[in-house]
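1. using only what follows, build the 3D model:
(3 chains, ligands or ions: 8)
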Amino acid sequence: MPKYAMVIDQRRCVACMACVVSCKKENEVPPEHFRTRVLEMVEGEFPKLRMELRSELCNHCDNPPCVANCPTGASYKREEDGLVLLKKYRCVGCKACLAACPYDARYINPDKGFADKCTFCEHRIKEGKEPACVATCIGKSRIFGDMDDAKSPVRVALQGAHAEVLLKHAGTQPRVYYIKKFSKPE
Amino acid sequence: MAIDLTRRKFLKISGAATVGATVALNLPDNFLLWAEEAGLVKATYVPTYCEICFWKCGAIAKVINGRVVKLEGNPAHPNSRGKLCARGSGGMGLLYDPDRIKTPLIREGKRGEGKYRKASWEEALAMVAEKMNKIKQKYGPQSMALFSHGCPTDHFLPLFSAYGSQNIGMPSFAQCRGPRDVGFELTFGENPGSPERVDMVNSKVVVLLGSHLGENMHNSQVQDFSEAVSRGAKFIVADPRFSIAAGKAHTWLPIRPGTDMALLLAWTNIIIKEGLYDKEYVHSHTNGFRELAASVREYTPEWAEQETDIPAAQIIETARLIGKNAPAVCIHPGRHTTWYGDDVQRTRAIAILTALLGSWGRPGGIFLATNATMPKLPAKPYPVIPTPPLNRGDFKFAGAEGVTQVIRTATLTGKPYPIKGWFVSGTNLMKALPNQQATLDAINKLDLLVVVDVMPYDTAMLADVILPECSYLERHDTLVVGKGKMMNVSIRQPVVPPLYESKPAWWIAKELAKRVGAGEYFPWNTYEDKMKSQCALWGVNYEELKNKGVVAFPDTAAPYFTATNPPEFKTESKKIELYSKELKEAGFDPLPRYVKHPQPAAGQFRLLYGRSPVHTFSRTTNNPELHELYPENEVWVNSKQAKALGLKNGDYAVLVNQDGVKSSKVRVKATERIREDSVYLVHGFGTTSKELKRAYRRGADDQGLVTRYAVDPICGSTGMRVNFVKLVKEA
Amino acid sequence: MELTVTGTNAITSPFLHAWDWRVALYLFLGGMAAGLAVMSSILRLKNAGKSAEGESASFWGPLWVPIILSFGMLFIFWDLDRKLNVYWLYLTFKPFSPMSWGSWGLLLFFPVCALNALVTMPGEYRHWLRFDVLRTLVDRLQPHKRLLAILNFVFGIFVGLYTGVLLSAFVARPFWHSALLPLLCLVSALTAGAAFMAIIAKRKAVKLFFTKVNVSIVIAELIVMVLFSIGLATSQGGAVMPSFSFILEYLLYGMAIALVAKLLLVTDERSDALPDRAVLLMQVSAAMVLAGGLMFRISLVYAGQLSHLV
Ligand SMILES: Nc1nc2c(c(=O)[nH]1)N[C@H]1C(S)=C(S)[C@@H](COP(=O)(O)OP(=O)(O)OC[C@H]3O[C@@H](n4cnc5c(=O)[nH]c(N)nc54)[C@H](O)[C@@H]3O)O[C@H]1N2
Ligand SMILES: Nc1nc2c(c(=O)[nH]1)N[C@H]1C(S)=C(S)[C@@H](COP(=O)(O)OP(=O)(O)OC[C@H]3O[C@@H](n4cnc5c(=O)[nH]c(N)nc54)[C@H](O)[C@@H]3O)O[C@H]1N2
Ligand code: SF4
Ligand code: SF4
Ligand code: SF4
Ligand code: SF4
Ligand code: SF4
Ligand SMILES: [Mo]
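-> Ligands and ions are numbered 1, 2, ... in the order given. All right, here's what the predicted structure looks like:
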């Protein structure tokens, strides 16, 4: 049973948005809607500044409030690999999952009305490919793999690195890990 | 926005009140979902290369039911390595942009009025040919000029050579890489190439002057940048703005704009004084070290501090960092280097420093191009034209791509001889050239302005005849022979047939050639025929190329100097020219010297510009896939200055330059990320073409404010960062 | 800090607006129906049913419950973006989803309150029952009248709490994520129910009774509201306080209480002999409580969406 996860090495991100566009095209995300985003944060005062770049997506939480709150079972956590997925045919568009997700990872498809979000490109992993955003990540900031496999890119990336998850206190147990390091103001 | 959404939903609900309608709408949808899952929908994958910018990344188009649904990087291609940038990924936005030029158009109203009527290709081509023939008769063929950029050039250049004009102008020289290439050619005998041969992945220290990698999104170069960062290379970034690259840097030097030369000369001085240069390399391979050492002696760190606004201690510290890590140091040669008018000399200073560090031809510096070449197809020689071309002006060191604005001046003055027709393809001159008024005035003097374009951008909307080229995803183009570490050949081929009545440039060129009596220079039937002959000549399997998109020749790589690949310089003296005799003889400084540039007066800012990672110049501003990521540019202004001017983040303001030219309104980005003496715009916005529904008047046009420019006397390039603006709140 | 985000969705950025006034109305009407169920049952159960005698509200109260509930459900249905899949709510039960509890709960509550209304139907309206089955059903249920009233009461409490549990379950929205919210929503539901009863009651004594009940619950609600606000101020939910407050509700409730206080001053013990002016005061104050309840739900729904776990 693979345990899929992503590592975002923020040191490598260049805020190029390749992931954003590629994800949209791979997954037919409608105009003005997104499954992933990129944050640029700058702190300090000129000229002592530091920058943090961070891409965000669904965390495929191990304790996913979106799934708990979904009244129809449309949102579910797939047992064999832990992906948090969506059965569109079941979704009523009640938006409870949107309200429940602390990461604002979801949106409602404007034409069809169902909730939608990142699937870790489940259809591509099935074919042995990397998720679209990972495949095109210019900075190789997005790293994907199986946490149970010591040789997988995610495990290699995490080795000796200090990784954090977003909003740990939300208790969601995310599967997207962030390695961050600020640029030093000098 | 909240209200909007709700209203939209409300309308939808009341509209589709009947359950039946909803069911009917849902069924085909579910069917498609199911069909896709069941594997009934088959995608085909067609390799080609990208043209959203000039990096020419290998791409693979995923096509379903005749529609391009996705573009991915070709893993076998060295410029993309399986990845496309945001712009390349959004390429189908150009293909499916509803605002595309769909048929040939002939102007009906006055120039600039934007009134056109549809025409057949037959009529439009006949009209262009007739006017070209008339100009040739009356003034001679050299009175037709070609402005071109990107792949269309490969088709129209032969047309012009055959027609009899050498007057070509590409913005890639005088508005872009010109000074850098000249500066390096004068020093090393060759330029750093495009893609630049920067060996950042092996560098210990990388210096970026401007070069805003990450925002400047040249694919493989940014991949290398990120790799270098992660391998722990120390970046020294001199930029008046806290760029993305500055955010990754070991040291950010918020340099006073226009003073990079002072920094470079001070560094050189320190490195020589402290003996940090590569003595062996300098001794064996360079000329004029003694003169150099003498000439930089006056450029002390304390002096440089006054000029650059960077503390002397920091200048010394960075110089040592650079010196101690030589030769694995890459001083990036830059790309857009037309800044202040002394740009050849500034890139000379970069080249000289590179030589002192022994970085040229060494790992972590500038690697060497493959020496391999591809033979040319035998072809009928072009006619010899008695009148010399005027496109290099009086600039001794102007490159073969021509000096665009010189042609413009000749058009305006009629000297040394009249220019009566412009043929423009793949460049939006109104946005590319400084001083828009001059461009407009010149266009108004023309007998003929033809524009070949995919989209109705500003310059097209001034044309007498607009010819719709199909997008890069619908056509064949020249085979690209890439020369990075090794040689490779890439193919562009249609991934879908052309939409509307658009046609590929090769077809337009060939058809026009027929009509201007140059048909014999296009002896092949289709462009594919030509490519097949080329492949046969080069020993490339055409079918394999078609299937893979790129064929590489690994044994042609020789990136570093080795015993078997000894240093060889293509200069006159066969050595690296620290001291340039060539320049001296032409009446220029043989060694770079500091020249002070005017700084903004109180209440004024220097206008700086650059790139957004999701746009290419003006050409993507209307692309729906990219527009949604960055619909309009913002003017960056230091937050203290913004506060003093009563401007808040997100307010609209207008920029007014020293000549009273006003920009259209633009949002303010009040930020700590820029010096107080400068403002910054992403280039390419604020189009005046009403045909561009999304981009029309969104954001401010930096070029509109660049009414002044500083011409580099050595090569004719136009320094464009010499304009000063005021910021006025938009009522 | 300077923050630029590329790739945000309008529905979650800059703040969540998944839900609008339709959900607020749903919660308000659902709460009111619940409160009404509780209050009408109280009327029927109090004094072993004596208080209900001669009071038409003892039938109209229960009857309004399913009607108001239907309207409430209509609004939540309206809010669903994929209505055709609504049956999936009833092919699943998700123990950790308040919305699942709610849809099932309402599904059970509906027949209970409907039957409760039927059995309380006075003889003069019997001819409304068109079908024999209904008539026999009503006859058969007559002995269980009290049980139905109790069930109605219990479900009323459940649904009243539910309108708060639904929102308080979201850890992601600190403004809602408070243990006090279900209680607050319950008391709000009860005030709405009591106010509704006060309005429709014919007998002045009954009116006065529900007015008095209302005042005590409103006071209780105000206390809970203050506690809730204190809780907010010390949690992340407080972040939305500058752009949101319960001021309007305090105002409406305060005025309602003031009116009632004035009313109580003019009232003597024989409440059935109240002057018309006093009746008017009661009607107005009850209407204000309803308005306050509606405002409360609207602010709750919108404000919660402004808050975000950080
Ligand atoms: N996304 C994207 N990428 C592109 C392109 C595009 O259109 N879009 N175009 C491509 C092309 S053709 C080119 S030529 C390149 C251009 O890209 P570069 O060669 O990187 O251009 P520069 O002008 O060097 O860099 C602009 C930066 O210079 C800084 N700057 C301004 N004035 C000064 C100064 O006086 N000194 C110093 N040290 N810095 C200064 C600005 O703040 C800005 O950060 O980009 C290429 N890449
Ligand atoms: N103020 C200012 N001026 C600048 C710059 C700056 O940063 N600021 N940058 C300078 C630099 S570095 C450069 S390289 C130049 C770039 O200058 P240009 O190359 O002129 O760039 P664009 O503005 O993108 O204009 C490209 C035009 O080509 C069209 N086009 C796109 N694809 C095709 C195609 O496949 N076929 C045909 N026929 N047409 C096509 C587009 O629709 C558009 O009209 O600008 C220079 N000028
Ligand atoms: S990130 Fe949000 S949508 Fe994704 S699993 Fe976690 S709670 Fe659910
Ligand atoms: S919107 Fe769909 S997926 Fe989300 S909670 Fe409701 S039914 Fe579940
Ligand atoms: S994994 Fe796939 S769906 Fe998720 S953000 Fe990346 S590309 Fe989008
Ligand atoms: S593609 Fe990679 S480097 Fe580029 S913005 Fe996305 S995460 Fe960052
Ligand atoms: S860098 Fe981006 S836009 Fe330029 S050719 Fe490559 S993929 Fe296309
Ligand atoms: Mo350029």
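2. if I pick the residue in the stretch 501-650 of chain B that ligand 4 sits nearest to, what's in contact with it?
-> Residue nearest to ligand 4 within the stretch 501-650 of chain B: B:Glu628 (23.8 Å; Cβ to the nearest ligand atom). (C-beta placed from N, C-alpha, C; glycine too.) Neighbouring residues of B:Glu628 by Cβ atoms under 8 Å, 6 or more residues apart in numbering or on different chains: A:31-32.
3. hmm, try it at 6 Å
-> With contacts defined as Cβ atoms under 6 Å, 6 or more residues apart in numbering or on different chains, the neighbours of B:Glu628 are A:Glu32.
4. quick one, phi/psi of it?
-> phi -70, psi -20 (degrees, to the nearest 10).
5. roughly how far apart are it and B:Lys548?
-> 33 Å (Cβ to Cβ, to the nearest Å).
6. doesn't C:Arg297 fall inside a helix?
-> Yes. Assessed by DSSP: H, G, I helix; E, B strand; the rest coil, C:Arg297 belongs to a helix.
7. may I have the host helix or strand of B:Ile407 as CSV, with CA atoms only?
-> Following DSSP states H and E, one finds B:Ile407 within helix B:404-413. The C-alpha coordinates for helix B:404-413 follow below in CSV (Å, rounded to 0.1, in the frame of the first residue of the first chain):
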residue,chain,number,x,y,z
THR,B,404,15.9,48.8,-35.6
GLN,B,405,15.6,52.5,-34.8
VAL,B,406,18.1,53.5,-37.5
ILE,B,407,15.7,52.2,-40.1
ARG,B,408,13.0,54.2,-38.3
THR,B,409,15.1,57.4,-38.5
ALA,B,410,15.9,56.8,-42.2
THR,B,411,12.2,56.4,-42.8
LEU,B,412,11.6,59.8,-41.1
THR,B,413,14.4,61.7,-42.8
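8. is stretch B:300-307 anywhere near ligand 1?
-> No. Using Cβ under 6 Å from any ligand atom, stretch B:300-307 never reaches ligand 1; the gap is at least 11.7 Å.
9. residues contacting that stretch, please?
-> By Cβ under 6 Å, 6+ apart, stretch B:300-307 touches B:259, B:262, B:266, B:311-312, B:315-316.
10. from the middle of its chain, how far away would it be?
-> 33 Å (Cα atoms, centre = their mean, to the nearest Å).
11. flag every buried residue along that stretch.
-> The neighbour-count check on stretch B:300-307 (16 or more other Cβ atoms under 10 Å in any protein chain shown) flags B:300-301, B:303-305, B:307 as buried.
12. sitting in helices, which of these do you find?
-> Those of the buried residues of stretch B:300-307 mapping onto helices are B:301, B:303-305, B:307, per DSSP state H.
13. residues contacting the longest helix anywhere in chain A, please?
-> Longest helix in chain A by number of residues (criterion: DSSP H): helix A:18-26. Residues from elsewhere that reach helix A:18-26, judged by Cβ under 6 Å, 6+ apart: A:35-36, A:55, A:132-133, A:136-138, B:70, B:85-86, B:89-90, C:7.
14. those in helices, which ones?
-> Mapping the contacts of helix A:18-26 onto helices (DSSP H) picks out A:132-133, A:136, B:86, B:89.
15. most neighbours among these, which one?
-> Highest neighbour count within the ones in helices among the contacts of helix A:18-26, by other Cβ atoms under 10 Å in any protein chain shown: B:Ser89, with 32 neighbours.
16. which non-adjacent residue is nearest that residue?
-> A:Val21 (4.0 Å; Cβ to Cβ, 6 or more residues apart in numbering or on different chains).
17. before we move on, what about B:Gly421?
-> In space, B:Gly421 is closest to B:Leu448, 3.8 Å off (Cβ to Cβ, 6+ apart).
18. quick check: the one you found vs B:Glu113, distance?
-> Counting by Cβ to Cβ, the gap from B:Leu448 to B:Glu113 is 17 Å.
19. quick one: which of these two has more around it?
-> Taking other Cβ under 10 Å, B:Leu448 and B:Glu113 do not tie; B:Leu448 has more neighbours (20 against 11).
20. contacting residues for that one?
-> Here B:Leu448 is in contact with B:131, B:421, B:464 (criterion: Cβ under 6 Å, 6+ apart).
21. any idea of the pLDDT on the first one?
-> Looking at B:Lys131, its pLDDT stands at 98.
22. got it, and the last one?
-> According to the per-residue confidence, B:Asp464 scores 98 in pLDDT.
23. what is the nearest of the ones in helices among the contacts of helix A:18-26 to B:Ala294?
-> Ranked by distance to B:Ala294 (Cβ to Cβ), the ones in helices among the contacts of helix A:18-26 are led by B:Ala86 at 49.0 Å.
24. spatially nearest residue to the closest one (excluding sequence neighbours)?
-> A:Met17 (4.0 Å).
25. show me where pLDDT drops low in chain A?
-> Applying pLDDT under 70 to chain A flags residues A:182-186.
26. quick one: the spatially most central residue of it from C:Ala33, how far?
-> Centroid-nearest residue in chain A: A:Leu57, 2.7 Å away (criterion: Cα atoms, centre = their mean). Going from A:Leu57 to C:Ala33 by Cβ to Cβ gives 41 Å.
27. which ones among the contacts of stretch B:300-307 map onto helices?
-> Here DSSP H is the test, and those give B:262, B:266, B:312, B:315-316 as lying in helices.
28. and of those, the nearest to ligand 2?
-> Distance to ligand 2 across the ones in helices among the contacts of stretch B:300-307 (Cβ to the nearest ligand atom) is lowest for B:Ala262, with 23.4 Å.
29. the residue nearest to B:Leu264 when sequence neighbours are not counted - how many residues pack around it?
-> In this structure, B:Leu264 finds its nearest non-sequential neighbour in B:Ala349, 4.0 Å apart by Cβ to Cβ, 6+ apart. Per other Cβ under 10 Å, the neighbour tally for B:Ala349 reads 28.
30. ditto for the one 3 residues further on
-> Burial of B:Ile352 is recorded as 28 neighbouring residues (other Cβ under 10 Å).
31. can you tell me the element it falls in?
-> Element membership of B:Ile352 [criterion: DSSP H and E] is helix B:343-356.
32. who's in contact with that helix?
-> Against helix B:343-356 from outside (Cβ under 6 Å, 6+ apart): B:179-180, B:182-184, B:187, B:260-261, B:264, B:268, B:277, B:286, B:331, B:333, B:337, B:360, B:576, B:578, B:592, B:712, B:714-715, B:717.
33. would you write a PyMOL line that selects the buried entries of the residues you listed?
-> Those of the contacts of helix B:343-356 that count as buried under 16+ other Cβ under 10 Å are selected in PyMOL with:
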select buried, chain B and resi 179+180+182+183+184+187+260+261+264+268+277+286+331+333+337+360+576+578+592+712+714+715+717
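34. and ligand 1, which of the contacts of helix B:343-356 reach it?
-> Near ligand 1, by the rule Cβ under 6 Å from any ligand atom, you find B:Asp260 out of the contacts of helix B:343-356.
35. okay, and which of the contacts of helix B:343-356 map to helices?
-> Checking these against DSSP H, those in helices are B:179-180, B:182-184, B:187, B:260-261, B:264, B:268.
36. now those residues as CSV including pLDDT?
-> Shown next, in CSV, are the ones in helices among the contacts of helix B:343-356 (pLDDT from 0 to 100):
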residue, pLDDT
B:Pro179, 98
B:Arg180, 98
B:Val182, 98
B:Gly183, 98
B:Phe184, 98
B:Thr187, 98
B:Asp260, 98
B:Met261, 98
B:Leu264, 98
B:Thr268, 98
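37. going by distance to ligand 8, which of these wins?
-> Comparing those against ligand 8 with Cβ to the ion places B:Arg180 closest, at 10.2 Å.
38. check contacts around the closest one.
-> So B:Arg180 contacts B:333-334, B:337, B:347 (Cβ under 6 Å, 6+ apart).
39. check those residues one by one and keep those near ligand 3.
-> Okay, of those, nothing touches ligand 3 (Cβ under 6 Å from any ligand atom).
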